[in-house]
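In: Sequence first, then the predicted structure, then my questions.
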Amino acid sequence: MTSIDVLIVGAGPTGLTLAIDLARRGVGFRIVERAPAASTASRAKTIQPRALEVLDDLGVIDRVLEFGAVHVPTRHYDRDRVISEAVEAAVGKPDPGVPYAPVWLSQPLIEQILRERLTELGGEVEWGAAVTVLAQSADTVEATLSTARGTRRVRARYVIGCDGGRSVVREQVDITLDGTSYGDHRWWLGDVRITGLDRHCQHVWMSPERGILSLFPLPSTEVWQFQASVPADDPHPVAPTLDLFRRLFAEHAGLPEVSIDDAGWLSLYRINVCLADRYRAGRVFLAGDAAHIHSPAGGQGMNTGIQDAYNLGWKLATVLGGADETLLDTYQLERRPIARAVLDDSTSRMHALMRSTHAGEGASAIRGLTDDFTTGLTIAYPDSPLTSPSSGDAQVRAGDRAPDAVVLDASTGREVRVFDLLRGAHWTLLSFDHATPLRRNGSQSPLATAPKTIRITTDITATGPGTMIDPGGRAHHNYDITGDATMLIRPDGYIAARTAA
């Protein structure tokens, strides 16, 4: 029997994010996946701005931006007539503190990029290894794995179930998944090849009689994602096939010069909205779809899972490094309410879309699928035990996401992003001043290791290691600094404390 600190079950975006975060922190782990090989099904395809910031910190943002697409327009039709074309993805308010707009990229390519990063850090996915049994003791979890070479056992200090909506990990520890199935919201999905349509935009047909048909060109591939709503009065929809897709397209579009071929992944998707009653059972945790299942409206499911992993990774590493285990309780305290809010929001958006389509107003409903909430940038932890309550009326408070900005390194004169200063496994202490350096009081840090300390000053003559000059005051503006102040930033980019200098 082999022993390891963390066993990650499931190698989708959530599990891979967690594996990368643990690898860069030097935590011993194994990541296993019951599938024999990587999936080619497009599935999720939207990476929201906050998840992109996570991917930036993990070192893969350049590859994501290289292969993905931003501002994909949506072209609306009435049969063969184009009604409108517009960019309808939410990009958030123009703000130098928000470096990324939503990116469109299919899940297989996202996973490939994450696997390549994991390999760079010395990790790898163990394919064809299915967890069948979990047995906990006071100090460890013993997992039985079924593989092509027989049964193996692994002893881990913690097990993280990132194994999706049908999570075996969740079942093994008797965590309940509560929710609702919306039988009147069903979709035929598939990956197809199409000739005769522009690939620079999504093509959408919506009508009260025929429902919704969407054809989305997946960036950096020759594949399109086919989505068609199943009529609400169809009690037993047929399984999707290439012939069905061709018939649906002919009924909606009437464009004989367009051909649909080579159907790959096919799915009859029923919308279920579910949330686990708890995220932890002893030494076993859930993340991603194993903990919450969303309506696809607003593109939230994969993004929420990525942020679950990002929240949990640094806490696992800290506890394995000797911190009190109660730190791990903050994972559920912080992330489960976020999942609840996302579930409620995405369900509401889906209902609104279907109602508007039946009323002949589907185009406006699509524009309502995304907004500032779906970007993930508004997620905050003001009530967390890890947040020191802020005083005053500053707009950027403890518990909020730390924004970005561009400053100048006093030593080199080069431009540096605040996110570059935050990147890594450390805590960061940002000291803001208007020309007077922070004076330390000599007390020890309550953290396991001292935070990386950065001075951000408007004094253009300032020097010294760790000093950043903010000549235009942009960083001060983004953090709403009006006097001298300090910000303690968590490893996952959230403000733990804001105090006077």
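Out: Everything's here; your move. Residues are numbered from 1 along each chain as shown.
In: Output the longest helix belonging to the chain.
Out: Of all the elements of type helix in the chain, the one with the most residues (DSSP state H) is helix 329-358.
In: for it, what is the average pLDDT?
Out: Per-residue pLDDT over helix 329-358 has a mean of 87.
In: List the buried residues of it.
Out: Within helix 329-358, the residues that qualify as buried are 330-332, 334-336, 338-339, 342-343, 345-347, 349-354, 356-357, counting by 16 or more other C-beta atoms under 10 Å. Any C-beta I mention is one placed from the backbone N, CA and C, and that applies to glycine too.
In: can you check stretch 407-419 too?
Out: Within stretch 407-419, the residues that count as buried by 16+ other C-beta under 10 Å are 407, 408, 410, 416, 417, 418, 419.
In: Show me which of these is closest to residue 429.
Out: Here the nearest of the buried residues of stretch 407-419 to residue 429, counting by C-beta to C-beta, is residue 418; it sits at 12.8 Å.
In: isn't the closest one right next to residue 474, touching?
Out: No - counting by C-beta atoms under 8 Å, residue 418 sits too far from residue 474 to count as a contact (9.6 Å).
In: quick one: the strands in the stretch 301-450 of the chain?
Out: All strands of the stretch 301-450 of the chain, identified by DSSP state E, counting those that start in this stretch, fall at 406-409, 415-417, 428-433.
In: Dump those strands into CSV; add mean pLDDT and distance to residue 297 as well.
Out: What follows is the strands of the stretch 301-450 of the chain, written out as CSV (pLDDT from 0 to 100; distance: least, C-beta to C-beta, whole Å):
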stretch, mean pLDDT, distance to residue 297
strand 406-409, 96, 35
strand 415-417, 95, 32
strand 428-433, 95, 35
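In: who wins for proximity to residue 211 among those strands?
Out: strand 415-417 (44.6 Å).
In: helices and strands around the longest helix of the chain, which ones?
Out: The helices and strands touching helix 329-358, judged by 3 or more C-beta pairs under 8 Å, 6 or more residues apart in numbering; DSSP states H and E, are strand 177-195, strand 211-217, strand 266-276, strand 280-281, strand 292-293, helix 301-320, helix 362-367.
In: The residue nearest the centre of the chain and residue 224, how far apart?
Out: The chain has residue 303 as the residue nearest its centroid, 2.1 Å off, counting by C-alpha atoms, centre = their mean. Distance from residue 303 to residue 224, counting by C-beta to C-beta, to the nearest Å: 22 Å.
In: same deal with residue 490?
Out: For residue 490, the distance to residue 224 - C-beta to C-beta - is 40 Å.
In: and if you look at residue 451?
Out: Applying C-beta to C-beta to residue 451 and residue 224 gives a distance of 47 Å.
In: between the two, who's got more neighbours?
Out: Using other C-beta atoms under 10 Å, the more surrounded residue of residue 451 and residue 224 is residue 224, with 22 against 17.
In: wait, the more buried one sits on residue 215?
Out: Yes - at 5.3 Å, residue 224 counts as touching residue 215 under the criterion of C-beta under 8 Å.
In: anything in contact with each of the two?
Out: 194, 197 (C-beta atoms under 8 Å, 6 or more residues apart in numbering).
In: and of the helices and strands packed on helix 329-358, who's closest to residue 124?
Out: Of the helices and strands packed on helix 329-358, nearest to residue 124 by C-beta to C-beta is helix 301-320, at 17.5 Å.
In: ok now that closest one, how far from the chain's centre?
Out: 10 Å (C-alpha atoms, centre = their mean, to the nearest Å).
In: now swap in stretch 269-286 and tell me
Out: 16 Å.
In: Can I get that stretch in CSV? Just the C-alpha atoms.
Out: Extracted C-alpha coordinates of stretch 269-286, given in CSV (Å, rounded to 0.1, in the frame of the first residue of the first chain):
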residue,chain,number,x,y,z
TYR,A,269,-28.9,16.7,-21.3
ARG,A,270,-31.5,17.1,-18.5
ILE,A,271,-31.0,20.1,-16.3
ASN,A,272,-30.5,19.2,-12.6
VAL,A,273,-29.8,21.8,-9.9
CYS,A,274,-28.2,20.2,-6.9
LEU,A,275,-26.1,21.1,-3.9
ALA,A,276,-24.3,18.8,-1.4
ASP,A,277,-25.6,19.1,2.2
ARG,A,278,-21.9,19.4,3.3
TYR,A,279,-18.5,19.7,1.6
ARG,A,280,-16.6,17.7,4.2
ALA,A,281,-16.9,14.3,5.9
GLY,A,282,-13.9,13.9,8.2
ARG,A,283,-10.8,13.8,5.9
VAL,A,284,-12.8,13.7,2.7
PHE,A,285,-13.8,16.9,0.8
LEU,A,286,-15.9,17.5,-2.3
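In: Let me know the average pLDDT across that stretch.
Out: On average, stretch 269-286 scores 94.
In: Report the buried residues of it.
Out: Of the residues in stretch 269-286, those buried (16+ other C-beta under 10 Å) are 271-276, 279-281, 283-286.
In: Please apply the same query to stretch 246-257.
Out: In stretch 246-257, counting by 16+ other C-beta under 10 Å, buried: 246, 248, 249, 251, 252, 253, 255.
In: And for stretch 230-244?
Out: By 16+ other C-beta under 10 Å, the buried positions in stretch 230-244 come out as 230, 240, 242, 244.
In: Show me what the mean pLDDT comes to for it.
Out: On average, stretch 230-244 scores 92.
In: How far does it sit from its chain's centre?
Out: For stretch 230-244, the distance to the chain centre is 31 Å (C-alpha atoms, centre = their mean).
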